[in-house]
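J.: A structural model of the following input is requested.
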Amino acid sequence: MNSSLMLRRFFCFNSTTTAVAAASSTSSKKKPLVFLGSPQVAATVLDALFNASKAPNSLFEVAAIVTQPPARRDRGKKLMPSPVAEFALDTGFPSDLIFTPERAGEDTFLSTLRALQPELCITAAYGNILPTKFLNIPPMGTVNIHPSLLPLYRGAAPVQRALQDGAKETGVSLAFTVRALDAGPVIAYETLEVDDQIKAPDLLALLFLEGSKLLIHELPSILHGSARLKAQPQDDSKATLAPKISVEESWLSFDQEASVLHNKVRAFAGWPGTRAKVAIVDNENDRRNIVEVKIITTRVCDRSIVQGDEADDITYVKDSLVFPCGRSTALEVLELQLPGKKVFRAAAFWNGLRGQKLKKL
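T.: Presented below is the predicted three-dimensional model:
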């Protein structure tokens, strides 16, 4: 058996007998809870649950963890467990209670979940659709941490779409899960102001940190059943969608206003990033080289545009490259990256041109 299959087996093939044994050993005073999550931000929530479960007056314990199957990550493309699985193993959580079904509706997985008899399931960026058969298992329901102020930004990319829209305020919601997309009753929410320079990965981490605090605060009422009574139905007429981001969206068009482009750079930071094509022009040798660059950090120009000889000239002012944009606005690019190279500060990139001109396309 090759190493990839061995790793897959290590995380995925757990017997119902093991689950039943684990369930029977659960303390009668603590209610079993199953956590579902995959990326690093979800590990923050799991850490909060682990810590809260150790308190003397804790009502629950984490009976099992469900996460995405191992995937090939980093430059070496090694098959690696999800960040949640990795974190759980590092804390000493039993490997046979970490489940990685391809789909949450698999019969074998659902049978194992029923054997665990979870009182409640909690999801945080799990990344898999939960079918009705799953939702019917925990008697207290399934609760999700969603990084938006529901019913705003329902869907896969709420933080990215909020930043792309230039939202000045966002937040995190704690809601019961139903079959409709992020449409369940809201138990509680936390509101945050959005700084105009914050990028998606940082905002996402902040929202899940606040979401974990909100969850721990509300868990007693959820386990007692009173949260179900106080939860507020969402107003579907106010719902907005946050569809998954595609790589094709990463291109910047400088015909748009600078504020629109700046918001997109912040929203798509991390993945897929934002890209643009520029021309490096050598007038002495009459050469024009088209280069693709990744735009890393920007700000909206707060001064009059410094125009070059032509309308498409990119100029350098102090610490930034100034790109002329739509409606007589300008975008300052502070950091950028060439394919296969490290991230450059604007000054280093400009000095590397050695007197050649830079033009937008």
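J.: Let me know the pLDDT of the residue nearest the centre of the chain.
T.: Using Cα atoms, centre = their mean, the residue of the chain that lies closest to the mean C-alpha position is Leu204, 5.7 Å off. Leu204 is assigned a pLDDT of 98 by the prediction.
J.: Help me confirm that it comes into contact with Pro147.
T.: Yes. Between Leu204 and Pro147 a contact is recorded at 6.2 Å, counting by Cβ atoms under 8 Å. Where C-beta positions appear, they are placed from N, C-alpha and C, glycine not excepted.
J.: between these two, what contacts are shared?
T.: Val159 (Cβ atoms under 8 Å, 6 or more residues apart in numbering).
J.: Which parts of the protein belong to which domain?
T.: 3-238, 247-360 (automatic domain parsing).
J.: which one's the longest strand in this protein?
T.: For the chain, the strand with the greatest residue count under DSSP state E is strand 287-300.
J.: Just name the most buried of the domains of the chain.
T.: domain 3-238 (a mean of 18; mean count of other Cβ atoms under 10 Å).
J.: Measure how far that domain is from the centre of its chain, please.
T.: 13 Å (Cα atoms, centre = their mean, to the nearest Å).
J.: mind checking the end-to-end distance for stretch 351-361?
T.: Stretch 351-361 has its terminal residues 21 Å apart, counting by Cα to Cα, to the nearest Å.
J.: and it, average pLDDT?
T.: On average, stretch 351-361 scores 93.
J.: And for stretch 310-322?
T.: For stretch 310-322, the mean confidence score works out to 91.
J.: ok, now stretch 273-281?
T.: The average of the pLDDT scores along stretch 273-281 is 96.
J.: And for stretch 65-81?
T.: If you average the pLDDT values across stretch 65-81, you get 87.
J.: What are the contacting residues of that stretch?
T.: With contact meaning Cβ under 8 Å, 6+ apart, stretch 65-81 is reached by 3-4, 7-8, 11-12, 34-38, 42, 46, 82, 84-86, 88-89, 93, 97-102, 104, 109, 113, 126-128.
J.: CA atoms only: put that stretch into PDB for me.
T.: Provided in PDB are the C-alpha atoms of stretch 65-81 (Å, rounded to 0.1, in the frame of the first residue of the first chain):
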ATOM      1  CA  ILE A  65     -14.400  15.600  14.800                       C
ATOM      2  CA  VAL A  66     -15.400  15.600  11.100                       C
ATOM      3  CA  THR A  67     -13.200  17.300   8.600                       C
ATOM      4  CA  GLN A  68     -12.300  17.300   4.900                       C
ATOM      5  CA  PRO A  69     -10.200  14.400   3.600                       C
ATOM      6  CA  PRO A  70      -6.400  14.800   3.400                       C
ATOM      7  CA  ALA A  71      -5.300  16.900   0.400                       C
ATOM      8  CA  ARG A  72      -2.100  17.800  -1.400                       C
ATOM      9  CA  ARG A  73      -0.800  21.100  -0.100                       C
ATOM     10  CA  ASP A  74       2.200  23.300  -0.200                       C
ATOM     11  CA  ARG A  75       5.000  23.200  -2.800                       C
ATOM     12  CA  GLY A  76       5.900  19.600  -2.200                       C
ATOM     13  CA  LYS A  77       2.300  18.600  -2.900                       C
ATOM     14  CA  LYS A  78       2.400  16.100   0.000                       C
ATOM     15  CA  LEU A  79      -0.900  14.500   1.100                       C
ATOM     16  CA  MET A  80      -1.600  16.300   4.300                       C
ATOM     17  CA  PRO A  81      -4.500  16.300   6.800                       C
END
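J.: Ile65: what secondary structure?
T.: strand (DSSP: H, G, I helix; E, B strand; the rest coil).
J.: again, but for Ile314
T.: Under three-state DSSP, Ile314 comes out as strand.
J.: I'd guessed it sits against Leu321; true?
T.: Yes. Between Ile314 and Leu321 there is a contact at 5.5 Å, judged by Cβ under 8 Å.
J.: joint contacts of these two?
T.: Common contact partners of Ile314 and Leu321 (Cβ under 8 Å, 6+ apart): Leu358.
J.: low-scoring pLDDT stretches of the stretch 1-150 of the chain, where are they?
T.: Applying pLDDT under 70 to the stretch 1-150 of the chain flags residues 1-28, 74-76.
J.: try it again with 90
T.: For the stretch 1-150 of the chain, the stretches with pLDDT under 90 are 1-29, 72-78.
J.: Going along the chain, name the helices of it.
T.: Taking DSSP state H, counting those that start in this stretch, the helices of the stretch 1-150 of the chain run over residues 3-12, 16-24, 40-53, 83-90, 107-116, 132-135.
J.: Just the strands from the stretch 51-200 of the chain, written as ranges.
T.: Ranges of strands within the stretch 51-200 of the chain are 60-66, 71-73, 78-80, 98-99, 120-124, 142-146, 169-176, 186-193, based on DSSP state E, counting those that start in this stretch.
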